[in-house]
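[1] Output the structure for:
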Amino acid sequence: MKAFKKRGALTHFQILSEISKQDPHLKQKDLAEKLDITIQAVSENIKTLIELGYINSKDGRSPYKITQKGIDKVKRDAISLRKYSDSVLETMNHYKTIWPAIASENLEKNQMVGLYMKDGVLYAHEKNEAATGIVLDDAEAGSDVALTNLTGIIDMTVGEATIINLPTIKEGGSKATDIDLIQNVYEKGTKNNEKIDKIAVAGTIARVIADKLGLDINIQFAAPQATANAARKGLNVLVLCVGDMTKSFVRELEEEKIKYNIIDGRK
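    Down below sits the predicted model:
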């Protein structure tokens, strides 16, 4: 788009376009507000446009009038801009948004498949689902598959977070922790008695407790954000965190509007 390669060319086009509307009360302040630039910038651009012969003005002030030379320039630039926009739209019309999933079974190119979530992961299979997509290339069961033309709604329930607040090392650490309580919470699951899918830890003591209980740690870095992300994908997370670290989890979960329950893990 050659017309707008030079610095300030687009601003010149916008100012000329506004002046061409022949508003006799058009002020530099009005132009500044419409174009979201400073009045000083408007003044400098108008001065340049006058020098180039694109507009006329008495003493450099309003009312401004566009010249025939200015009209010709606006037309050329508008045509250039339209051609560029048309080329972008044409590219976007042919652009395919591609999503990855895991193939539950062997899938073929151009096949329409049903989509579903399992353990926070998107899967594709031949069965009918509320959400569908088109396979871009052959894929074997268990492999990744590229999908396009996704439509519908993927049935996915938002998970919950159960946060167990642990004593700090000054408060006794693991020795002051109610291990049996944590074991019972893990076995019972969420408030709705749904199973725990992932374990998140924050702090050394939390890691020690998880090891003592034989729990596999799934989330340990950027744990508050990762916990919220897992819950959004339908997973229930048990969080073991020390002292004030609980606040970070609460803040993240509340921002994402995810249900959570806090339990005191001290004896």
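
[2] Work out the gap between the lengthiest helix in the chain and the centre of the chain.
    Secondary structure of the chain per DSSP state H: the longest helix is helix 68-94. Centre-to-centre, helix 68-94 and its host chain are 31 Å apart (CA atoms, centre = their mean, to the nearest Å).

[3] C-terminal to it, what's the next element?
    strand 99-103 (DSSP states H and E).

[4] List of residues touching that next one?
    Strand 99-103 has contacts (CB atoms under 8 Å, 6 or more residues apart in numbering) with 115, 121-125, 133, 139-148, 150. In short, each C-beta sits where N, CA and C put it, glycine included.

[5] Show me which residues of the longest strand anywhere in the chain are buried.
    Longest strand of the chain, by residue count under DSSP state E: strand 144-152. Buried residues in strand 144-152, defined by neighbour count with 16 or more other CB atoms under 10 Å: Val145, Ala146, Leu147, Leu150.

[6] Any chance of the residues you listed in CSV with distance to Asn110 and pLDDT as columns?
    Below are those laid out as CSV (distance: CB to CB, whole Å; pLDDT from 0 to 100):
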residue, distance to Asn110, pLDDT
Val145, 12, 96
Ala146, 12, 93
Leu147, 11, 94
Leu150, 15, 89
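
[7] Now tabulate those residues in a markdown table and tack on distance to Asn218.
    Listed next are the buried residues of strand 144-152 as a markdown table, based on distance: CB to CB, whole Å:
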| residue | distance to Asn218 |
| --- | --- |
| Val145 | 25 |
| Ala146 | 27 |
| Leu147 | 26 |
| Leu150 | 27 |
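
[8] of all these, which comes closest to Tyr54?
    Tyr54 has its nearest neighbour among the buried residues of strand 144-152 in Leu150, at 48.6 Å by CB to CB.

[9] quick one: the closest one and Asp119, what's the gap?
    20 Å (CB to CB, to the nearest Å).

[10] ok, now which ones touch Lys267?
    Counting by CB under 8 Å, 6+ apart, Lys267 has contacts Ala176, Thr177, Asp178.

[11] Mind doing that once more with 10 Å?
    Pro167, Gly172, Lys175, Ala176, Thr177, Asp178, Ile179, Asp180, Leu181 (CB atoms under 10 Å, 6 or more residues apart in numbering).

[12] ranges for the helices of the protein?
    9-19, 28-35, 39-51, 68-94, 179-188, 204-213, 223-232, 245-255.

[13] Mind listing residues that contact the third one?
    Residues from elsewhere that reach helix 39-51 (CB under 10 Å, 6+ apart): 8, 11-12, 14-16, 18-19, 27-35, 37-38, 54-57, 60-62, 64, 66-67, 70, 73.
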